[in-house]
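Asks: below: sequence and its predicted model.
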Amino acid sequence: MSHALFRPPAEAYSLILRIADGCPWNRCGFCGMYKEVLYRLHPEAEIEQTIAKAARMQPRTKRIFLADGDVMALSVERLRALLETLNARFPRLARVNLYANGHSILRKSPEQLEALRALKLNTLYMGLESGNEAVLRQAQKRETAEEMIAAGKRAQAAGLKMSVMVLTGLGGQSASTEHAVATAEALNRMQPKLLSALRVIPIPGTALYQAEQAGAFRQLTEVQAVEELKALIEKLELESTVFRANHSSNILPLEGRFPKDKSQLLETLAALLASGRLDASSPGPPPLSL
Ligand code: SF4
């Protein structure tokens, strides 16, 4: 049976082509996306068939998203061949986007990334999650913050667009401030073009959920989650970034552009904190969908 398909909200109108199942890392303690899925890169012939069928049905496609997780983990030769096929099959193709982990980006040289960019690879969605090394280790993220900053900078220098995700609340109640400050610092150094803030929700079956059940991880209350997001935004010095915190996990949907909307975002969060509507003793009800 086919497993659930995940794609970033911004890819809602893209043609999604699944060329692999699952995530080659699949160990992040907060992530339940592919827990039950054994990683498998589809054989070349199968990928060819998938592309040929999609090209017959949607020949005017301009945007493609390649799934599942971390397609950037493919070798540069495989990625180049794949992009060449997509360019040949879809004459109107403008951009190909995918999930990319820092480790997989850093395995490509600046020149190789430029070559992929020339073949219309466009946006890399990378989960930074936190800029705090201790929080990342606890979360069993593969990369250090330093590696992900280096990966983001290398990709953007090659002309690729970085869409970076961070997880508010990942440090729990014990490391909220350190998490917010270090995450802002990492983002300031990376200067991603797109930034999404999601709120961490312990999902059954994950290590984070087990830690919460055992009392080793304390999820932020609603008030603390908004305070942490406000602390993060206060420290952001982004020169040209589209910011979104409108995922269903967030308490209040927010979006804006840095630097021009920073004050407005902070005022909105301050007003929410002053409203007395937030739960100061619990994380509140979980979102209906994640
Ligand atoms: S967060 Fe990303 S890298 Fe980590 S296990 Fe989930 S899909 Fe894989």
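Replies: Good, I have the coordinates.
Asks: quick check: residues of the stretch 51-200 of the chain near the ligand?
Replies: Proximity of the stretch 51-200 of the chain to the ligand is confined to 69-70, 101, 127 under the rule C-beta under 6 Å from any ligand atom. To be clear about C-beta, it is placed using only N, CA and C from the backbone, and glycine gets the same treatment.
Asks: and which of these is nearest E212?
Replies: G127 (19.8 Å; C-beta to C-beta).
Asks: what pairs with that closest one across the strands?
Replies: Per DSSP bridges, the residues bridged to G127 are M165.
Asks: show me where the stretch 1-150 of the chain has strands.
Replies: Here the stretch 1-150 of the chain has its strands, by DSSP state E, counting those that start in this stretch, at 15-18, 20-21, 40-41, 63-67, 95-99, 121-129.
Asks: in TSV: those, plus mean pLDDT and mean neighbour count.
Replies: Listed next are the strands of the stretch 1-150 of the chain as TSV, based on pLDDT from 0 to 100; neighbours: other C-beta atoms under 10 Å:
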stretch	mean pLDDT	mean neighbour count
strand 15-18	98	18
strand 20-21	97	18
strand 40-41	96	14
strand 63-67	98	23
strand 95-99	98	23
strand 121-129	98	24
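Asks: who wins for proximity to A271 among the ones you listed?
Replies: Between A271 and the strands of the stretch 1-150 of the chain, the shortest separation by C-beta to C-beta is 27.6 Å, and it involves strand 121-129.
Asks: that closest one vs strand 95-99, what angle?
Replies: Taking axes from the mean of the first three to the mean of the last three C-alpha atoms, to 10 degrees, one finds strand 121-129 and strand 95-99 inclined to each other by 20 degrees.
Asks: would you convert the strands of the stretch 1-150 of the chain into TSV that also reports distance to I251?
Replies: Formatted as TSV, the strands of the stretch 1-150 of the chain follow (distance: least, C-beta to C-beta, whole Å):
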stretch	distance to I251
strand 15-18	29
strand 20-21	33
strand 40-41	37
strand 63-67	28
strand 95-99	25
strand 121-129	19
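Asks: out of the residues of the stretch 51-200 of the chain next to the ligand, flag the one nearest to the ligand.
Replies: Here the nearest of those to the ligand, counting by C-beta to the nearest ligand atom, is G69; it sits at 3.7 Å.
Asks: need the per-residue pLDDT for that closest one.
Replies: In this prediction, G69 carries a pLDDT score of 96.
Asks: pull the contacting residues for it.
Replies: 6, 20, 22-26, 33-34, 99 (C-beta atoms under 8 Å, 6 or more residues apart in numbering).
Asks: list only buried entries from those residues.
Replies: The neighbour count (16 or more other C-beta atoms under 10 Å) marks 20, 22-26, 33-34, 99 as buried among the contacts of G69.
Asks: just the closest of the contacts of G69 to the ligand, please.
Replies: C23 (3.3 Å).
Asks: wait, the closest one touches M33, no?
Replies: Yes. When contacts are counted by C-beta atoms under 8 Å, C23 is listed as touching M33 (6.9 Å).
Asks: need the contact list for L272.
Replies: L272 neighbours (C-beta under 8 Å, 6+ apart): 226, 251-252, 278.
Asks: many thanks, we can stop here.
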